[in-house]
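A.B. asks: Based on what follows, work out the 3D shape:
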Amino acid sequence: MRPLHLRGWTVAVKADQRVVAMGAASGVVAMAASVWLLERMMPRPAIADSPGERLAYALRADVFALIPLFAMLATVGNSRFTSEAIDPTRGAESRRMEIDGRVADNTLQQSFVFAVASLALSTLVPLDQLAVVWACAIVFVAARALFWIGYRIHPLYRAPGMSATAYLNLGMIAYSLFRICGG
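C.D. replies: As a prediction, the model looks like this:
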């Protein structure tokens, strides 16, 4: 352990914590830069400025954002079908199946938050910036893939994808709350 000094506090930081912290920080930076860049590159939506049109636009992006969850659920189902774990009560899952199940569970949770936050965002962002909803969906899919790949390599390596997803969702929630509260 190596001591870390923060405003009069000394905290022991383990090597694993450094790996996760660096991964998380890189995930957040990559996510923010990707959303910013994609939003500027994407075509502006050719829709009427009405709540219904905006929500329909966001729902299309939300369906795209479900691709990782569907892939994960299919992977878990196919893995069970072709193994002794076909009966989930046996406890015969391999390490890979356990990881895939955890990834699918977390992705379901993150997808729910993403869907609600992106729908809210679509009604609050200026129309000329509405492409940010699709930018967020693309980054969400990439971050979930990164989370899954990283987790399979080593659990500590899930941090970039996890932080990118979580802070993407937090950013949409924070922006929406700011706008709702009159910002």
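
A.B. asks: contacts and neighbour counts: CA atoms only from here.
C.D. replies: Will do.

A.B. asks: In contact with the residue nearest the centre of the chain, which residues?
C.D. replies: Centroid-nearest residue in the chain, with C-alpha atoms, centre = their mean: T165, separated by 2.5 Å. Counting by C-alpha atoms under 8 Å, 6 or more residues apart in numbering, T165 touches Q110, F140, A143, R144.

A.B. asks: Which element, helix or strand, includes it?
C.D. replies: helix 159-180 (DSSP states H and E).

A.B. asks: Show the secondary-structure elements that the helix or strand hosting W36 is packed against.
C.D. replies: For W36, the element it lies in under DSSP H and E is helix 15-41. Helix 15-41 makes packing contacts with helix 132-153, helix 159-180 when contacts are defined by 3 or more C-alpha pairs under 8 Å, 6 or more residues apart in numbering; DSSP states H and E.

A.B. asks: got the CA positions of stretch 13-28 in CSV?
C.D. replies: Taking Å, rounded to 0.1, in the frame of the first residue of the first chain, the C-alpha atoms of stretch 13-28 are listed here in CSV:
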residue,chain,number,x,y,z
VAL,A,13,-4.2,3.1,-1.6
LYS,A,14,-3.9,-0.4,-2.8
ALA,A,15,-2.6,-1.3,-6.2
ASP,A,16,-6.1,-2.6,-7.2
GLN,A,17,-7.6,0.7,-6.2
ARG,A,18,-5.1,2.6,-8.4
VAL,A,19,-6.0,0.3,-11.4
VAL,A,20,-9.7,0.9,-10.9
ALA,A,21,-9.3,4.7,-10.3
MET,A,22,-7.2,5.1,-13.5
GLY,A,23,-9.6,3.0,-15.4
ALA,A,24,-12.6,4.9,-14.1
ALA,A,25,-11.0,8.3,-14.8
SER,A,26,-10.1,7.2,-18.4
GLY,A,27,-13.6,5.9,-18.9
VAL,A,28,-15.2,9.2,-17.9
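
A.B. asks: Identify, by residue count, the longest helix of the protein.
C.D. replies: helix 95-124 (DSSP state H).
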